[in-house]
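Trainee: What follows is a predicted structure for the sequence shown.
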Amino acid sequence: MDLSLSDEQRQLVDSFAALYARESTSERIPAAEPVGFDAALWLALRETGVVEMAVPERDGGWGASVLELALVAEQHGRATGSAPVIEAQVAAWLLAACGVPGAELLAAAMSGQKLITFAPRPYVGPHLGLVPAGAVADVVIALVGDRLVASSIDERTVVDNLGTLPLADVSAAPDAVTLAEGAEAVALHSSALDRWLALTAAELVGIGGRAVDVGAQYAKERKAFGVAIGSFQAVSHPLADSATAIDGARLLAFEAACAFTDETDRETELSAMAFAFAAESARDATRTSLHVHGGYGFGMEADVQLYYRRARGLTMVYGDPLTALDRVADARYGAAG
């Protein structure tokens, strides 16, 4: 698999890396807590067309590939951005896939009139738990029973979390718009979930990769017994193991992203697999980097704790890696009887 980027993809990565360097600094991320939302960052992202990217050209969007969206998601993870990029992109794509029932809301999302989010978990009633961006969204798209609905938020309770994420438990409004029903609704939600898992895997790769970079830099600068602590095997070897795991997670995340174009029959399997491996790799990498920092790493003034917290909070929005591996098994072997 060739992971070298084209000139256009490199420009995409560089432009978003520069944007996050300006708009998602280590000072602004804690300032966005406890809600976990930076309105200025979201505005800057909206002005770049981050939502329109995910919408097919036939529906008025830019028609970016899932791989291109994954490149943005990785930069979002490296910056621990306090904005619901992935959820808004998946929601916009899903509205486009729904056709006429979602057309009005899609126009509102693309124009910036409404922030519309996607809930990856299925629900059985109107009370929706741990909705990504539920703390700030105007509308949530969720699978409730066998209905795919787009609902304004009747009530919301912001979830206290350490992951700097705008999570909330919300209640769907009684007049929620039905986008699809029955098998069609389940299939549409499943396709959107595949995209969410693939892009979130790329975000987790960015989180883990940046944590390794931060840990390696600290190991070069911090000295003990007159030498840099990075010269000790107990420090360098765990960092090397984490870097190797993150490289593998990146390969799998990009393979999953490419499957939406090249191997559509495997997109469910690969997306869930990529999420599971990226979640485990990012949690290990952030833990290793935090311990390399010693006691300093546990203080709120150290940047590494941002990555440590985000990796754990983000993983639990959908479920732990075992939940994703169950989805892999269902995709490959069929749902358990």
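Mentor: It's in.
Trainee: partners of residue 181 in the sheet?
Mentor: Counting by DSSP bridges, residue 181 forms beta bridges with residue 147.
Trainee: wait, isn't it in contact with residue 144?
Mentor: No: between residue 181 and residue 144 there is no contact under C-beta atoms under 8 Å: 10.6 Å. C-beta coordinates here come from the backbone N, C-alpha and C atoms, glycine included.
Trainee: Could I get the full set of strands for the chain?
Mentor: Under the criterion DSSP state E, strands of the chain are mapped to 116-123, 127-131, 139-144, 147-158, 168-172, 177-181, 223-224, 227-228.
Trainee: pLDDT averaged over the second one - what is it?
Mentor: On average, the pLDDT along strand 127-131 is 94.
Trainee: In the worst-scoring helix or strand of the chain on mean pLDDT, which residues are buried?
Mentor: Among the helices and strands of the chain, helix 28-31 carries the lowest confidence by mean pLDDT, DSSP states H and E, at a mean of 88. Across helix 28-31, burial judged by 16 or more other C-beta atoms under 10 Å covers 28, 29, 30.
Trainee: That one - contacts with which helices or strands?
Mentor: Packing contacts for helix 28-31, counted by 3 or more C-beta pairs under 8 Å, 6 or more residues apart in numbering; DSSP states H and E, involve no helix or strand.
Trainee: I'd like the distance from it to the chain centre, please.
Mentor: 18 Å (C-alpha atoms, centre = their mean, to the nearest Å).
Trainee: I would like the residues contacting that helix, please.
Mentor: Helix 28-31 has contacts (C-beta atoms under 8 Å, 6 or more residues apart in numbering) with 38, 40, 41, 80, 82, 164, 300, 306.
Trainee: In those, find the pair that's most separated.
Mentor: With C-beta to C-beta as the measure, no two of the contacts of helix 28-31 lie farther apart than 40 and 300, at 21.7 Å.
Trainee: Quick check: residue 263 vs residue 141, distance?
Mentor: In this view, residue 263 and residue 141 are 26 Å apart by C-beta to C-beta, to the nearest Å.
Trainee: repeat for residue 53
Mentor: 18 Å.
Trainee: Show the model's pLDDT score for the nearest residue to residue 112 once chain neighbours are set aside.
Mentor: Counting by C-beta to C-beta, 6 or more residues apart in numbering, residue 46 is the residue found nearest to residue 112 once chain neighbours are left out, at 5.3 Å. Residue 46 is assigned 96 on the pLDDT scale.
Trainee: just use 29 as the starting number from now, easier for me
Mentor: From this message on, residue numbering opens at 29, which makes the last subject residue 74.
Trainee: And the residue nearest the centre of the chain?
Mentor: The residue lying closest to the centre of the chain (C-alpha atoms, centre = their mean) is residue 228, at 3.2 Å.
Trainee: Which residues are in contact with that residue?
Mentor: Residue 228 makes contacts with 101, 114, 303, 306, 342, 345, 346, as judged by C-beta under 8 Å, 6+ apart.
Trainee: number of nearby residues for the residue nearest to residue 140?
Mentor: Neighbour count for residue 74, taken as other C-beta atoms under 10 Å: 18.
Trainee: Check the one 5 residues further on too.
Mentor: Other residues near residue 79 number 24, with proximity taken as other C-beta under 10 Å.
Trainee: what's the answer for the one 3 residues further on, then?
Mentor: Counted with other C-beta under 10 Å, the burial measure for residue 82 works out to 30 neighbours.
Trainee: Quick check: it touching residue 114?
Mentor: No: applying C-beta under 8 Å as the test, residue 82 and residue 114 come out as separate, 9.2 Å apart.
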